[in-house]
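Q: from the sequence below, what's the structure:
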Amino acid sequence: MIIDLREIIGVPGGKVSFDFEPDITEAAQGSIVQIKKPARAAGNVKNNAGILTFSANVDAICECVCARCLKKFEHPISQNISVNLTEEGEGENPDGYFIQGDKIDANEIILTEIILGLEDTLYCKEDCKGLCQKCGADLNNEPCKCKKEVDPRLAVLSQLLDND
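A: Here you go, the predicted structure:
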């Protein structure tokens, strides 16, 4: 969504509101398989004494794969975004975004902030036990049936236990 800022650039206290469905499908990476539609973004761009501030609340639901047990699950995203906007040529702005002419692309800002705010690995539940590395059993549903390996240095001691 392109937002026209001509009405507020020179007007301290001016505000432009928006409410739309952003295309954040490109945020699907790592544990996130896809972003379910529709996502929702609502907010405004406000002129605070000459400093333009972009603020938005973004809500979406992601379909993810657990990094431990590989089960699919849904993960809600609810993120508050607040960034400064500056005109190109006003120096470096590592914490904000540049205005292109007198417009901004709200979708680009939201997508970038969502990607930066996502966790690297997602789990279906906090205490997910994952899969057995040998047999692949889901340790959340059943105990592993693999026989524990004995440290070769202690193998002689295990023979003593077998004789009893």
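Q: next, give phi and psi for the residue nearest the centre of the chain.
A: Taking Cα atoms, centre = their mean, the centroid of the chain lies closest to residue 118, which sits 2.2 Å from it. With angles defined as degrees, to the nearest 10, residue 118 sits at phi -80, psi 150.
Q: do you know how far it is from residue 60?
A: From residue 118 across to residue 60, the span is 11 Å (Cβ to Cβ, to the nearest Å). Every residue, glycine included, has its C-beta placed from N, CA and C.
Q: swap in residue 84?
A: 24 Å.
Q: looking at those two, which one has more neighbours?
A: With neighbours defined as other Cβ atoms under 10 Å, residue 84 and residue 60 compare such that residue 60 has more, 23 against 13.
Q: domains for the protein, by residue range?
A: 2-128, 129-164 (automatic domain parsing).
Q: could you tell me the least trusted of these?
A: Between those, the lowest average pLDDT goes to domain 129-164, which shows a mean of 81.
Q: which residues touch stretch 15-28?
A: Around stretch 15-28, the neighbours that count as contacts under Cβ atoms under 8 Å, 6 or more residues apart in numbering are 1, 3-5, 7-8, 34-35, 37-47, 56, 58, 60, 62, 106-107, 110-111, 114-115, 118.
Q: which neighbours do residue 118 and residue 60 have in common?
A: With Cβ under 8 Å, 6+ apart as the test, residue 118 and residue 60 both reach residue 77.
Q: so what's the residue nearest to residue 5 when sequence neighbours are not counted up against?
A: Leaving aside its sequence neighbours, residue 5 sits nearest to residue 102 (Cβ to Cβ, 6 or more residues apart in numbering; 5.2 Å). Residue 102 makes contacts with 4-6, 9, as judged by Cβ under 8 Å, 6+ apart.
Q: which of the residues you listed fall in strands?
A: residue 4 (DSSP state E).
Q: which of the contacts of residue 102 ranks first by neighbour count?
A: Busiest of these [other Cβ under 10 Å] is residue 5, holding 20 neighbours.
Q: tell me how far that residue lies from residue 105.
A: 12 Å.
Q: what's the next secondary structure element after the longest helix along the chain?
A: If you go by DSSP state H, the chain has its longest helix at helix 106-117. Sequence order places helix 155-162 as the next helix or strand after helix 106-117, per DSSP states H and E.
Q: tally of neighbours for residue 17?
A: Residue 17: 10 neighbours (other Cβ under 10 Å).
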